[in-house]
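> pasting the structure only:
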Ligand SMILES: C[S@@+](CC[C@H](N)C(=O)[O-])C[C@H]1O[C@@H](n2cnc3c(N)ncnc32)[C@H](O)[C@@H]1O
C-alpha cells in the first residue's frame with residue numbers, strides 16, 4: 001500500500017468519541033444521503049474508518065461496502081455490524097470498473113498526496129454518483145484554539161498541514177450536481193477535553209509535529225486558555241454530490257497533464 005503516512009490504527013480506540021457529530025446530526029446526514037443518492041445499487045465507502053457514516057447508511061437500507069487501510073478502524077466498523085469490509089487502498093480499489101452505483105468518501109482525500117489518483121479510482125468504479133459530507137467550522141472558539149496551536153508551531157518553523165485536498169475543496173475543481181445543507185450545530189465543549197486531544201495528538205494533521213514544537217504549542221494552549229472552562233463549537237454540515245462522469249473527466253484531464261509534465 002502506498003502513501004499512507006501514518007496509520008489511523010493509533011487513534012481507532014478514540015476515534016468515535018473524538019470525532020462525534022453533535023446530537024442528531026448523523027441522523028440528518030443519513031436522511032440527506034437517502035434522499036439524494038440512488039439506493040438501488042451498492043455504495044462504496046472509501047476510507048470507511050469506524051463506519052461513522054456507513055453504519056447509519058446501512059440502517060437506511062443501503063448495501064454498503066467499506067474499504068480502509070487501517071485494520072483497527074475496520075475492526076471498529078465490524079463491531080457495528082458492518083460485514084462487507086476490505087483492507088484496501090483508495091488509490092488501487094480492488095473492484096472492477098463500474099462496480100458501484102455510488103461511492104462516498106468523508107474526510108479522506110486530504111490524507112493522500114496523490115488525491116487525483118483516488119479520484120481516478122472513484123471514477124473508474126462508480127457508475128453514477130460520488131458524494132462527501134463536508135464539515136465547516138466558522139469563527140468558533142474551538143477553531144481559534146486550533147489556530148493558536150498552529151501559530152505556535154509556525155513560530156518554530158513547522159507548518160501544520162495535510163498532504164492532500166479536502167473533499168469539500170474539490171467543489172472548486174469539479175462542479176458538484178448539488179450541495180445540500182444538512183445541519184448547523186452549536187455545542188459547548190470542555191476546554192480540558194479540547195486541550196487533551198491536542199496533547200495526545202488525536203488529530204492526524206499534528207502526528208508529524210516534532211516533539212519540541214508540539215511541547216511549545218501545548219505550553220501556548222495551556223497559557224492562553226488558562227482562565228477558560230468551556231469553548232463553543234459551531235459547525236455547518238453539508239452533503240456534496242458529484243456526477244461520476246465529471247469525476248472521470250477531471251481524472252482523465254489530470255492524468256493527461258501528469259503525463260505531459
Ligand atoms: C479521518 S478518517 C475518516 C473515516 C470515516 N470516513 C469518517 O468520516 O469517520 C480517515 C480514514 O481514511 C483512511 N485512509 C487513509 N488513507 C487511506 C487510503 N490510502 N486508502 C484507504 N483508506 C485510507 C484512514 O485509515 C481512516 O480510517
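Structure's in. What do you need? Here the structure is a predicted model, which is why all the values come from computation and not from measurement. Numbers count the residues shown, from 1 in each chain.
> can you confirm residue 117 is in a helix?
Yes. Using DSSP: H, G, I helix; E, B strand; the rest coil, the assignment for residue 117 is a helix.
> that one reaches residue 91, doesn't it?
Yes. Taking CB atoms under 8 Å as the definition, residue 117 is a contact partner of residue 91 at 4.6 Å. In short, each C-beta sits where N, CA and C put it, glycine included.
> chain center to the helix ranked longest in the chain: distance?
When the chain is parsed with DSSP state H, its longest helix is helix 244-260. Computed by CA atoms, centre = their mean, to the nearest Å, the chain-centroid distance of helix 244-260 equals 23 Å.
> run a quick neighbour tally on the closest residue to residue 218 other than its chain neighbours.
Take residue 218 and drop its neighbours on the chain: the residue closest to it by CB to CB, 6 or more residues apart in numbering is residue 199, 5.8 Å away. Other residues within reach of residue 199, judged by other CB atoms under 10 Å, total 13.
> look up phi and psi at residue 199.
The phi/psi pair for residue 199 (degrees, to the nearest 10) reads phi -60, psi -40.
> likewise residue 201?
Phi and psi for residue 201, reported as degrees, to the nearest 10, are phi 50, psi 50.
> quick one: furthest residue from the center of the protein?
Computed with CA atoms, centre = their mean, the residue of the chain farthest from its C-alpha average is residue 227, at 32.3 Å.
> residues contacting residue 41?
By CB atoms under 8 Å, 6 or more residues apart in numbering, the contact list for residue 41 reads 63, 100, 101, 102, 127, 128.
> what subset of the residues you listed is buried?
Buried members of these, scored by 16 or more other CB atoms under 10 Å, are 100, 101, 102, 127, 128.
> what's the closest non-adjacent residue to residue 77?
Among residues not flanking residue 77 along the chain, residue 51 sits closest, at 3.4 Å (CB to CB, 6+ apart).
> the one you found is in what secondary structure piece?
For residue 51, there is no host helix or strand (DSSP states H and E).
> please tell me how far residue 241 sits from the ligand.
Per CB to the nearest ligand atom, to the nearest Å, residue 241 is found 16 Å from the ligand.
> with residue 186 instead?
21 Å.
> now the closest residue to that residue other than its chain neighbours: which helix or strand?
Nearest residue to residue 186 in three dimensions, chain neighbours excluded: residue 234, at 5.2 Å (CB to CB, 6+ apart). When elements are assigned from DSSP H and E, residue 234 belongs to strand 230-243.
> got the angle between that strand and helix 244-260?
Strand 230-243 runs at 90 degrees relative to helix 244-260, counting by axes from the mean of the first three to the mean of the last three CA atoms, to 10 degrees.
> could you report the neighbour count for the closest residue to the ligand within the chain?
For the chain, the residue closest to the ligand is residue 49, as judged by CB to the nearest ligand atom, at 2.6 Å. Residue 49: 24 surrounding residues under other CB under 10 Å.
> list the contacts of it.
When contacts are counted by CB under 8 Å, 6+ apart, residue 49 touches 8, 15, 68, 70, 73, 76, 77.
> how about it, secondary structure?
With three-state DSSP as the criterion, residue 49 was assigned coil.
> distance of the residue nearest the centre of the chain relative to residue 203?
With distances taken as CA atoms, centre = their mean, residue 107 lies nearest the centre of the chain, 1.0 Å away. Relative to residue 203, residue 107 is positioned 11 Å away (CB to CB, to the nearest Å).
> which stretches in the stretch 1-150 of the chain count as strands?
42-46, 63-68, 85-87, 100-105, 126-137 (DSSP state E, counting those that start in this stretch).
> for the ones you listed, give me JSON lines that also has distance to residue 178 and mean pLDDT.
Below are the strands of the stretch 1-150 of the chain laid out as JSON lines (distance: least, CB to CB, whole Å; pLDDT from 0 to 100):
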{"stretch": "strand 42-46", "distance to residue 178": "17", "mean pLDDT": "97"}
{"stretch": "strand 63-68", "distance to residue 178": "21", "mean pLDDT": "98"}
{"stretch": "strand 85-87", "distance to residue 178": "28", "mean pLDDT": "98"}
{"stretch": "strand 100-105", "distance to residue 178": "13", "mean pLDDT": "97"}
{"stretch": "strand 126-137", "distance to residue 178": "9", "mean pLDDT": "96"}
